[in-house]
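1. fold the following, please.
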Amino acid sequence: MLRQQFNDALKEAMRAKDQRAVSTIRMILAALKDKDIAARPQGVADGIDDASILSMLQGLVKQRNESAALYEQGGRPELAQQEREEITVIERFLPKQMSEEEAKAAISAVVGEIGATSIKDMGKVMAELKARYAGQMDFSKAGPLVKAQLSGG
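-> Sure, this is the predicted structure:
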């Protein structure tokens, strides 16, 4: 499903002569091809699934945020702006991000469902959250929330 969206968006961006979108979508497709090739030895012949694609997209957004911050620090606002424009294009393909309250509710539900009781269960909780909410939850922020809940905080 997402693969088709990328191809359709690329064609649309080319028709609209939107160079930033064209280059960003091509970059996404190249990263996707790399992930597909890397997954072949694990027996994934027809490409990675949508959840893995969403995770990859979140990684791309994170990289661009980090780069933009570095460019700002280095006095290169035009490059930081370019990174932010790429983020805007990538975010078109991501589902709406959960708010902190929604994330806390989801974490509570998963903790209850799998019967997590201590910090030792954090890995199981995070794995289940990633399986259910790939692309919707910021897992760098979810980790401390899970830790707080499991430690009774």
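
2. all contacts plus neighbour counts: C-alpha atoms, from now on.
-> OK.

3. check contacts around the residue positioned nearest the centre of the chain.
-> Computing the C-alpha centroid of the chain and ranking residues by CA atoms, centre = their mean puts Q58 first, at 1.8 Å. For Q58, the contacting residues are L94, G135, by CA atoms under 8 Å, 6 or more residues apart in numbering.

4. where does pLDDT dip in the chain?
-> The chain contains residues with pLDDT under 70 at 153.

5. quick check: longest helix of it.
-> Ranked by residue count and defined by DSSP state H, the top helix of the chain is helix 50-73.

6. how is the closest residue to K35 other than its chain neighbours assigned, secondary-structure-wise?
-> Leaving aside its sequence neighbours, K35 sits nearest to I48 (CA to CA, 6 or more residues apart in numbering; 7.1 Å). With DSSP: H, G, I helix; E, B strand; the rest coil as the basis, I48 sits in coil.

7. compute the number of surrounding residues for I48.
-> 17 (other CA atoms under 10 Å).

8. show me this protein divided up by domain.
-> Domain assignment for the chain by automatic domain parsing gives 2-91, 100-150.

9. I107 and A16, how far apart?
-> 42 Å (CA to CA, to the nearest Å).

10. the two: which is more packed in?
-> I107 (21 against 11).

11. A148 is in contact with the more buried one, correct?
-> No - assessed by CA atoms under 8 Å, I107 is found out of contact with A148, at 10.7 Å.

12. coming back round to it: roughly how far apart are the residue nearest to the centre of the chain and T88?
-> With CA to CA as the criterion, Q58 and T88 are 12 Å apart.

13. now V61
-> Taking CA to CA, one finds V61 at 9 Å from T88.

14. between those two, which has more neighbouring residues?
-> Using other CA under 10 Å, the more surrounded residue of V61 and T88 is V61, with 20 against 13.

15. ok, now which ones touch the more buried one?
-> I87, I90, E91.

16. so which of those belong to helices?
-> Checked against DSSP H, those include these in helices: I87, I90, E91.

17. nearest to F139, of those?
-> Nearest to F139, judged by CA to CA, of the ones in helices among the contacts of V61 is E91 at 16.1 Å.
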